[in-house]
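Undergrad: structural data only, the sequence is not supplied:
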Ligand code: NCD
């Protein structure tokens, strides 16, 4: 296995099964620190810069919490408008990050432009972690999604997993599809016509021999699947608001009724938020059911991000 030390985490394409399982194993080792709300000194003397050019609740705060629990320090910004990158000076991304490299040992960046995290990684010598680059990828989310599946189902192998939604634009699906293609899974791709996975994602599924079916109708697969992974529409990717509104009007929603014929052990995952300014994608009536695992994901996000930070900073083997 390639060492994680000093590696960037930009795309799930860059990680094989052994490496993904390594992160699961390190995450498991982090659980006692998280559960007992401890602060250890594994990353003392290390500084994380969280640089967010797009809003975030879970991703930024869980990264910061992970760093603090491991004894490190945190700097950064949650709103680029307070930096010179987003005022009238419009400082270019590479200039901004050439500076930040001097102030931290690892950078977590979220940016509305696809490819932004790679661009940052190419101009600094410290590890860069992609916290979402436009409609492209959100790799740390996929690591925690897969960890949540493993924790709930025991193993990822052997499962039938439905990805349900706008698979074309939503970055969480892209990273997860790459990640899952390393396991022995069957996929059900459920999407409105014209909103399937990008070509590159489909190529990876075919190359890895992943069996998949495609449908627009969740009812076609609801009785068979062990996991449903869904997300709201990434509105930012739509220049034409009418196109967005049309898609929104017939989009997938989850209620007790939707899951009536689901397997007993079905788990429902969603990266959160589950609201889109208009309605709930997942009705709160599901929260008390055994299917609801979306808040587990947010919780596991902390240990998985502890594992990723400790790994790229070379503090664990
Ligand atoms: C993402 C968000 O809110 O931007 N959610 C998350 O990180 N938990 C989902 C997304 O990447 O679209």
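TA: That came through, no problem. Since the model is a prediction, treat every value here as computed from it, not as a measurement.

Undergrad: up against the ligand, what does the chain have?
TA: Contact residues, the chain versus the ligand (C-beta under 6 Å from any ligand atom): 58, 59, 132, 138, 141, 170, 171, 172, 234, 271, 272, 273. C-beta coordinates here come from the backbone N, C-alpha and C atoms, glycine included.

Undergrad: so of these, which ones are in helices?
TA: 58, 59, 141, 171, 172 (DSSP state H).

Undergrad: looking at those, which is nearest residue 301?
TA: Here the nearest of these to residue 301, counting by C-beta to C-beta, is residue 58; it sits at 5.9 Å.

Undergrad: that closest one reaches residue 298, doesn't it?
TA: Yes: counting by C-beta atoms under 8 Å, residue 58 does reach residue 298; the two are 5.1 Å apart.

Undergrad: any common contacting residues for these two?
TA: Residues touching both residue 58 and residue 298 by C-beta atoms under 8 Å, 6 or more residues apart in numbering: residue 272.

Undergrad: just to revisit the earlier point, list only buried entries from the residues of the chain next to the ligand.
TA: 58, 59, 132, 138, 141, 170, 171, 172, 234, 271, 272 (16 or more other C-beta atoms under 10 Å).

Undergrad: looking at the residues you listed, which is nearest residue 317?
TA: For those, the nearest to residue 317 is residue 141 (24.9 Å; C-beta to C-beta).

Undergrad: show me the contacts for the closest one.
TA: Residue 141 makes contact with 59, 132, 172, 175, 176, 271, 301, according to C-beta under 8 Å, 6+ apart.

Undergrad: can you tell me the element residue 66 falls in?
TA: Under the criterion DSSP states H and E, the helix or strand holding residue 66 is helix 58-69.

Undergrad: could you do residue 155 as well?
TA: If you go by DSSP H and E, residue 155 is not part of any helix or strand.

Undergrad: same question, residue 242
TA: Assigned by DSSP H and E, residue 242 belongs to helix 241-249.

Undergrad: mean confidence (pLDDT) on whatever helix or strand comes next after that helix, please.
TA: For helix 241-249, the following helix or strand on the C-terminal side (DSSP H and E) is strand 267-269. For strand 267-269, mean pLDDT rounds to 98.

Undergrad: tell me which other helices or strands strand 267-269 touches.
TA: In this structure, strand 267-269 packs against helix 139-153, strand 227-230, helix 294-312, with contacts taken as 3 or more C-beta pairs under 8 Å, 6 or more residues apart in numbering; DSSP states H and E.

Undergrad: ranking the ones you listed by burial, who's on top?
TA: Here the criterion is mean neighbour count by mean count of other C-beta atoms under 10 Å, and of those the winner is strand 227-230, at a mean of 27.

Undergrad: and residue 24, what pLDDT?
TA: Per-residue confidence at residue 24 stands at 98 (pLDDT).

Undergrad: relative to helix 139-153, how tilted is the host helix or strand of it?
TA: For residue 24, the element it lies in under DSSP H and E is helix 17-35. In terms of direction (axes from the mean of the first three to the mean of the last three C-alpha atoms, to 10 degrees), helix 17-35 departs from helix 139-153 by 80 degrees.

Undergrad: what lies in contact with helix 17-35?
TA: Helix 17-35 has contacts (C-beta under 8 Å, 6+ apart) with 1-2, 4, 38, 40, 69-70, 143, 146-147, 150, 179, 182-183, 300, 302-304, 306-308, 310-311, 316.
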